[in-house]
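S.K.: Sequence first, predicted coordinates after that:
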Amino acid sequence: MASVSFDAILADERRSALRGAGLVALIALACIVSLWVTGFFDAARFADAGPAISQLASEMVPPDFGRWRMWLRPLADTLAMSIAGTVLAVVFSLPLALLAAPNTGPGSVVRVGVRTLLAFLRSVPEIILGVLFVAAVGFGALPGVLALGLHSVGMVGKFYAEAIEHVDPKPLEAARAAGATPMQVILHAVLPQVLPQLTDVTIYRWEYHFRASAVLGIVGAGGIGFELMAALRLLAYDQVSAILLSILACVVVVDAIGAFLRKSLK
């Protein structure tokens with residue numbers, strides 16, 4: 001009997017290993033096919049691009065920082081856009097996440113509707129939203145903030161909802177048994193459990209927003225991206241490289257601040 005049981009366990013392990021190997025092979029095949037379809041294995045194309053890349057690199061070096069004073073305000077606008085977009089995302093994401101989580105939402109209909117809304121917001125790229133808001137409210141930082149905030153509501157709301165969904169149910173049950181209102185349950189039983197995860201997601205999203213803000217400037221949504229696009233149109237690649245290095249320096253600083261905040265808030 002013991003031998004039969006042991007053989008059954010071994011057979012089950014072999015089947016599990018074969019299923020895992022088949023899944024890995026399927027994923028690898030999908031990756032290889034995707035690379036092939038997109039032309040990644042076209043060696044001739046890469047070889048033809050070599051001279052153009054060399055020419056472009058020669059025009060970008062050395063970087064021209066002659067207009068660095070003109071970039072300070074756009075960089076400050078980019079930082080302000082990232083902070084304002086994060087604030088906007090958090091303000092709208094938290095209540096939507098509470099409605100989307102099954103343990104805090106009012107019902108399945110509302111939950112499905114809110115999750116559908118969050119999925120829709122995630123599916124629209126920031127740059128498309130940036131173009132739409134530039135057309136609606138004009139050039140400047142405001143359309144960038146609206147684009148960042150609206151898109152991030154979909155992503156941040158999803159992460160918030162998943163964190164809320166996986167909280168320990170015992171404090172919630174105890175609070176409800178004690179006669180707590182739904183708001184009291186959220187304030188005293190849900191938020192204390194998920195606050196570290198929500199903080200991590202928020203800081204990560206702020207770091208991401210700074211990088212995305214630079215791209216949104218290309219469509220006229222303010223920030224350093226506007227200066228970058230102007231340099232590209234003038235074919236001033238030495239200024240392009242200088243602006244990119246400036247953005248890189250700011251990204252490093254923002255990432256360091258984010259790491260410090262995570263460490264301090266633990």
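M.R.: All right, it came through fine. Predicted model only: the values in this text are computed from it and were never measured. Residues are numbered from 1 along each chain as shown.

S.K.: for the chain, which spans come out with low pLDDT?
M.R.: For the chain, the stretches flagged by pLDDT under 70 are 1-7, 265-266.

S.K.: Now do the helices in it.
M.R.: Per DSSP state H, the chain carries helices over the ranges 2-37, 43-60, 68-100, 108-123, 126-137, 141-165, 169-177, 182-185, 191-216, 224-233, 237-265.

S.K.: Now residue 103, what are its backbone angles?
M.R.: Main-chain dihedrals, residue 103, degrees, to the nearest 10: phi -90, psi -10.

S.K.: Relative to residue 223, how far out is it?
M.R.: In this view, residue 103 and residue 223 are 39 Å apart by C-beta to C-beta, to the nearest Å. All C-beta atoms are positioned from the backbone trio N, CA, C, and that covers glycine.

S.K.: before we move on, what about residue 198?
M.R.: For residue 198, the distance to residue 223 (C-beta to C-beta) stands at 26 Å.

S.K.: Over to residue 249?
M.R.: 15 Å.

S.K.: So which of these two has more stuff around it?
M.R.: The neighbour count for residue 249 versus residue 223, taken as other C-beta atoms under 10 Å, is higher for residue 223 (30 against 11).

S.K.: can you tell me which residues contact that one?
M.R.: Residues near residue 223 by C-beta atoms under 8 Å, 6 or more residues apart in numbering: 74-75, 77-78, 81, 141, 144, 213-214, 216-217.

S.K.: phi, psi of it?
M.R.: With angles defined as degrees, to the nearest 10, residue 223 sits at phi 90, psi -170.

S.K.: same thing with residue 63?
M.R.: phi -70, psi 150.

S.K.: dump the residue contacts of the residue lying closest to it once chain neighbours are set aside.
M.R.: Using C-beta to C-beta, 6 or more residues apart in numbering and skipping the chain neighbours, the partner closest in space to residue 63 is residue 242 (3.8 Å). By C-beta under 8 Å, 6+ apart, residue 242 lies in contact with 63-65, 68.

S.K.: ok, now how distant is residue 242 from residue 70?
M.R.: Counting by C-beta to C-beta, the gap from residue 242 to residue 70 is 11 Å.

S.K.: try residue 41
M.R.: 43 Å.

S.K.: Now for the closest residue to residue 262 other than its chain neighbours: which residues touch it?
M.R.: Using C-beta to C-beta, 6+ apart and skipping residues adjacent in sequence, the residue nearest residue 262 is residue 203, 5.8 Å away. Listed by C-beta under 8 Å, 6+ apart, the contact set of residue 203 reads 258, 261-262.
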